[in-house]
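A.B. asks: Predicted model follows, preceded by the sequence.
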Amino acid sequence: MRKILLACAGGMSTSIIVGKMNKYASSQGIEVEIKALAANEALERLKEGWEIILLGPQVKFYKEQLDAEIKKENLTIPVYVIPFQDYGSADGEAILKMAFKLLGDK
């Protein structure tokens, strides 16, 4: 099971996307844990086994800070910004497929 963390300004807009990602995953028989948090809270919860962190476009400026904290903690969690088009349309399927591709899954 993959563990994916989504981070945005308050964690609310990504909650909608998480629901759509989970719906798609369920329809495909994919086991995944997806959580939405505010970007500043994500910084505090890096050691919870996340395999990838996806940032909402509005908080892309957190990427550098997250990358630095991940390195400081000797973790290996890739951080990517969700494309604006996918985020804006809340395309859970596209975002989940992107996450799996970035993780090296098919």
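C.D. replies: Everything's here; your move. Residues are numbered from 1 along each chain as shown.

A.B. asks: any idea of the mean pLDDT in stretch 19-30?
C.D. replies: On average, the pLDDT along stretch 19-30 is 96.

A.B. asks: tally of neighbours for residue 66?
C.D. replies: 20 (other C-beta atoms under 10 Å). All C-beta atoms are positioned from the backbone trio N, CA, C, and that covers glycine.

A.B. asks: go on, the one 3 residues further on?
C.D. replies: Here the count is done by other C-beta under 10 Å, and residue 69 has 17 residues near it.

A.B. asks: How much space separates it from residue 62?
C.D. replies: According to C-beta to C-beta, to the nearest Å, residue 69 stands 10 Å off from residue 62.

A.B. asks: Which is the succeeding secondary structure element to the helix or strand of the chain with the lowest mean pLDDT?
C.D. replies: Counting by mean pLDDT, DSSP states H and E, the weakest-scoring helix or strand in the chain turns out to be helix 39-44, with a mean of 90. Where DSSP states H and E defines the elements, the next helix or strand beyond helix 39-44 is strand 52-55.

A.B. asks: Each with direction, which strands does that following strand pair with?
C.D. replies: Note on strand 52-55: by DSSP bridges, its sheet partners are strand 2-8 (parallel), strand 79-81 (parallel).

A.B. asks: got the angle for the helix or strand following that strand vs strand 2-8?
C.D. replies: Going down the chain from strand 52-55, the next helix or strand is helix 62-72, by DSSP H and E. On the basis of axes from the mean of the first three to the mean of the last three C-alpha atoms, to 10 degrees, helix 62-72 is oriented at 140 degrees to strand 2-8.
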